[in-house]
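With the sequence up front, the predicted model follows.
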Amino acid sequence: MAKRDVWVRVGDDLVRGDTVVGVTVSDPHYHHEAFKIMLKVTGHRDHLWLDSGVHDDDQGGGREQVNVLADAFVDTLARGAAMPSGALIRLGSGEDDSGWVLSSLG
């Protein structure tokens, strides 16, 4: 992957995409909680967490959906790195804006 200015919004943090070294999905502690996507980021002592908004449906569909979302993050990161102007990646926050949103920096 070519080195570009790719930034990822994780809650209040904005981290460079090339510092993300791991992506994991956590199981919710309680049934009413959503799955969380954990990013291991170089230079951060603690992992960074994203609330996926996906809840367990007791049939494995929630887990499958959040795994697809985590895989899509890696794909979006790669597409952002291929953009000549760089990119900003964030998790959408609504029905019309669900999934990963990739914006050009140029």
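It's in.

any idea how far H31 is from the residue nearest in space to the middle of the chain?
In the chain, the centroid-proximal residue (C-alpha atoms, centre = their mean) is F73; its distance is 4.9 Å. F73 sits 25 Å away from H31 when distances are taken as C-beta to C-beta, to the nearest Å. Glycine gets a C-beta too; all of them are placed from N, C-alpha and C.

now V74
Noted for V74: a distance of 28 Å to H31, by C-beta to C-beta.

which one of the two has more residues nearby?
Neighbours per residue (other C-beta atoms under 10 Å) separate V74 from H31, with V74 holding more: 12 against 8.

how about low-confidence regions in this protein?
Counting by pLDDT under 70, the low-confidence segments of the chain come to 1-4, 60, 94-97.

sorry, back to before: from what I can see the residue nearest to the centre of the chain touches G22, true?
No - in this structure, F73 is not within contact of G22 by C-beta atoms under 8 Å, at 11.4 Å.

Fine by me, thanks again.
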